[in-house]
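Asks: When you get a sec, could you give me coordinates for this:
(one chain, ligands or ions: 2)
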Amino acid sequence: MTRDLTIAEVRLTPILVADPPLLNTQGVHQPYTPRLIVEIVTADGVTGLGETYGDTKYLEPARSLAERLTGRSVMDVNGLFGIDLAVDASRTDGGTDAGGLRGVQTADKLRLSVLSAFEVACLDAQGRALGLPVHALLGGKVRDAVEYSAYLFYKWDGHPAGIPAEPDDWGAALDPAGVVEQARLFQRRHGFGSFKLKGGVFPPEQEIAAVRALADAFPGHPLRLDPNGAWSVATSLKVAEELGDVLEYLEDPTLGTPAMAEVAAGTDVPLATNMCVTTFGEIKEAFTKDAVQVVLSDHHYWGGLRNTQRLAGICAAFGVGVSMHSNTHLGISLAAMTQVAATVPGLHHACDTHYPWQSEDVLTERIAFRAGRVDVSDAPGLGVELDRDELARLHRRWADDDGTLRDRDDAAAMRVADPAWRTPAMPRW
Ligand SMILES: O=C([O-])C(=O)C[C@H](O)[C@@H](O)C(=O)[O-]
Ligand SMILES: [Mg+2]
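Replies: Ligands and ions are numbered 1, 2, ... in the order given. Have a look, this model is predicted:
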């Protein structure tokens with residue numbers, strides 16, 4: 001067993017990974033999306049892996065942090081969070097993130113989104129060095145498998161003609177029949193039994209019809225609809241009334257805690273969020289106003305796996321449910337999500353994951369879903385191995401890009417197909 005846990009080297013590799021043309025209220029996914037892979041190497045040659053957003057605003061502080069880690073111990077995770085990590089506030093102040101889909105962007109949230117990848121890499125290195133899975137370092141697993149939901153998207157068959165992109169085999173989904181067909185594919189390929197539709201793309205009546213079609217096709221299965229805050233309070237209440245008998249929860253129907261509280265007061269349908277409660281500072285107002293019934297944590301922007309456990313503890317104390325949000329991510333993050341989810345006692349909803357949409361990964365072996373679940377690995381660390389050739393290939397794609405795709409911008413990607421497209425004003429309906 002190795003013992004010298006001093007950090008000898010930190011490697012950061014920005015990559016671009018293929019992404020299908022998934023539609024959301026802001027626009028459409030770019031054909032390639034940026035991610036950052038973090039490797040922390042100990043003096044004994046153990047390498048821990050982490051993954052986070054790869055846009056420029058994350059890369060800059062990540063580089064600055066990486067430069068300051070050699071000589072510290074991978075055991076010193078509390079110290080990691082104490083490092084004075086400057087982020088460029090002009091990139092965040094008052095705005096939302098590039099997709100506008102993850103709530104307000106603050107300098108601290110950006111800092112935590114960077115730190116999270118380093119925390120995961122430290123935990124992975126600790127686990128590998130000590131011969132323990134990450135869940136053991138987090139207090140131990142309370143389940144052997146973690147359930148995920150099928151993340152359904154309206155989508156085009158392919159990216160606009162003439163631009164470089166990887167083909168996908170999911171087909172188009174632009175109406176209720178297409179959405180049901182996509183759900184059937186998710187069930188056939190991965191066994192998912194719970195379904196979430198990304199809404200806010202078409203007028204609410206069309207999305208209500210799609211959820212109704214899902215309810216008919218999959219009677220009794222948990223269903224969710226998430227328009228990323230595209231609706232007014234009145235529209236949200238109307239949708240809640242029309243779909244109340246089939247929804248497990250409605251996710252971020254409207255923007256901001258006060259508006260969510262108004263909706264919550266007018267319906268029995270539980271409200272979930274990954275937009276109005278995304279930092280510890282936002283919890284008090286939302287919970288005291290009873291604005292949300294389920295918080296969808298995301299270890300990237302909550303600041304890692306230990307903060308995710310803290311969040312789950314606070315939610316439990318307030319009787320608020322907890323589950324997980326997902327953006328485009330690869331297998332390192334799915335492994336991290338699974339390890340922490342395995343340790344959260346009150347996890348009663350299937351977690352979100354984009355992973356089935358990602359045809360490319362940097363792992364030697366893709367993570368498999370079995371009946372919609374990922375088995376919790378008991379192997380040391382996260383239990384995944386890096387495919388260096390694939391990492392190098394995806395990094396070359398990033399290096400060759402002229403900068404167009406290095407910062408995710410769903411509205412810009414939509415303008416390739418529709419030059420008149422502008423980020424819609426909210427509420428859209
Ligand atoms: O609200 C959510 O669930 C998300 O933000 C998930 C993703 O960002 C999704 O909407 C996307 O990538 O288009
Ligand atoms: Mg959401």
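Asks: Any idea how far the one helix or strand residue 129 maps to is from the middle of the chain?
Replies: With elements taken from DSSP states H and E, the one containing residue 129 is helix 107-130. Helix 107-130 sits 16 Å away from the centroid of its parent chain (CA atoms, centre = their mean, to the nearest Å).
Asks: Can you show me the helices along the protein?
Replies: 56-67, 77-82, 107-130, 134-137, 176-190, 204-217, 233-243, 257-265, 283-288, 299-302, 305-318, 331-341, 388-400, 410-417 (DSSP state H).
Asks: how about those in TSV, adding distance to residue 144 and mean neighbour count?
Replies: Every C-beta, even on glycine, is put in place using the N, C-alpha and C of the backbone. Shown next, in TSV, are these (distance: least, CB to CB, whole Å; neighbours: other CB atoms under 10 Å):
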stretch	distance to residue 144	mean neighbour count
helix 56-67	33	18
helix 77-82	25	14
helix 107-130	17	25
helix 134-137	10	23
helix 176-190	18	18
helix 204-217	29	18
helix 233-243	33	20
helix 257-265	34	20
helix 283-288	30	16
helix 299-302	20	27
helix 305-318	18	18
helix 331-341	11	27
helix 388-400	29	14
helix 410-417	37	19
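Asks: quick one, which of those is nearest to residue 358?
Replies: Among these, the nearest to residue 358 by CB to CB is helix 331-341 (8.3 Å).
Asks: What count of nearby residues applies to residue 191?
Replies: Using other CB atoms under 10 Å, residue 191 has 14 neighbouring residues.
Asks: residues in contact with it?
Replies: Contact partners of residue 191, counting by CB atoms under 8 Å, 6 or more residues apart in numbering, are 369-373.
Asks: separation between it and residue 149?
Replies: According to CB to CB, to the nearest Å, residue 191 stands 12 Å off from residue 149.
Asks: What of residue 68?
Replies: In terms of CB to CB, residue 68 sits 39 Å off from residue 149.
Asks: of these two, who's got more company?
Replies: Comparing residue 68 with residue 149 by neighbour count (other CB under 10 Å), the higher total belongs to residue 149, at 25 against 14.
Asks: ok, the more buried one to residue 284 distance?
Replies: 28 Å.
Asks: how about the residues of the stretch 201-350 of the chain that lie near ligand 1?
Replies: Contacts of the stretch 201-350 of the chain with ligand 1, taken as CB under 6 Å from any ligand atom, map to 226, 228, 274, 325, 327-328.
Asks: I'd like the residues you listed laid out as TSV, including distance to residue 256, neighbour count and pLDDT.
Replies: Output for those, formatted as TSV (distance: CB to CB, whole Å; neighbours: other CB atoms under 10 Å; pLDDT from 0 to 100):
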residue	distance to residue 256	neighbour count	pLDDT
226	16	29	98
228	13	25	97
274	14	26	97
325	17	26	97
327	21	20	93
328	25	23	96
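Asks: Show the contacting residues for residue 166.
Replies: Counting by CB under 8 Å, 6+ apart, residue 166 touches 18, 31, 359-360.
Asks: Turn the residues you listed into a markdown table, columns for pLDDT and distance to residue 186.
Replies: Rendered in a markdown table, the data for the contacts of residue 166 read as follows (pLDDT from 0 to 100; distance: CB to CB, whole Å):
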| residue | pLDDT | distance to residue 186 |
| --- | --- | --- |
| 18 | 98 | 18 |
| 31 | 98 | 22 |
| 359 | 98 | 15 |
| 360 | 98 | 19 |
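Asks: Buried only: go through these for me.
Replies: Listed as buried from the contacts of residue 166 are 18, 31, 360; burial here means 16 or more other CB atoms under 10 Å.
Asks: isn't the second one right next to residue 408, touching?
Replies: In other words, residue 31. No: Residue 31 lies out of contact with residue 408 (CB atoms under 8 Å); the separation is 11.4 Å.
Asks: Outline the domain layout of this structure.
Replies: According to automatic domain parsing, the chain comprises the domains 7-135+387-402, 139-375.
Asks: Let's see the helix holding residue 129 as CSV, backbone CA atoms only.
Replies: Provided in CSV are the C-alpha atoms of helix 107-130 (Å, rounded to 0.1, in the frame of the first residue of the first chain):
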residue,chain,number,x,y,z
ALA,A,107,-18.1,34.1,-8.3
ASP,A,108,-18.4,31.7,-5.4
LYS,A,109,-20.4,29.2,-7.5
LEU,A,110,-17.8,29.3,-10.2
ARG,A,111,-15.1,28.8,-7.6
LEU,A,112,-16.9,25.8,-6.1
SER,A,113,-17.5,24.3,-9.6
VAL,A,114,-13.8,24.3,-10.1
LEU,A,115,-12.9,23.0,-6.6
SER,A,116,-15.4,20.2,-7.0
ALA,A,117,-13.2,18.5,-9.6
PHE,A,118,-10.1,18.8,-7.5
GLU,A,119,-12.0,17.4,-4.4
VAL,A,120,-13.2,14.4,-6.4
ALA,A,121,-9.7,13.8,-7.7
CYS,A,122,-8.3,14.0,-4.2
LEU,A,123,-10.9,11.5,-3.0
ASP,A,124,-10.1,9.2,-5.9
ALA,A,125,-6.4,9.4,-5.2
GLN,A,126,-7.0,8.7,-1.4
GLY,A,127,-9.2,5.7,-2.3
ARG,A,128,-6.7,4.3,-4.7
ALA,A,129,-3.8,4.8,-2.3
LEU,A,130,-5.7,3.3,0.6
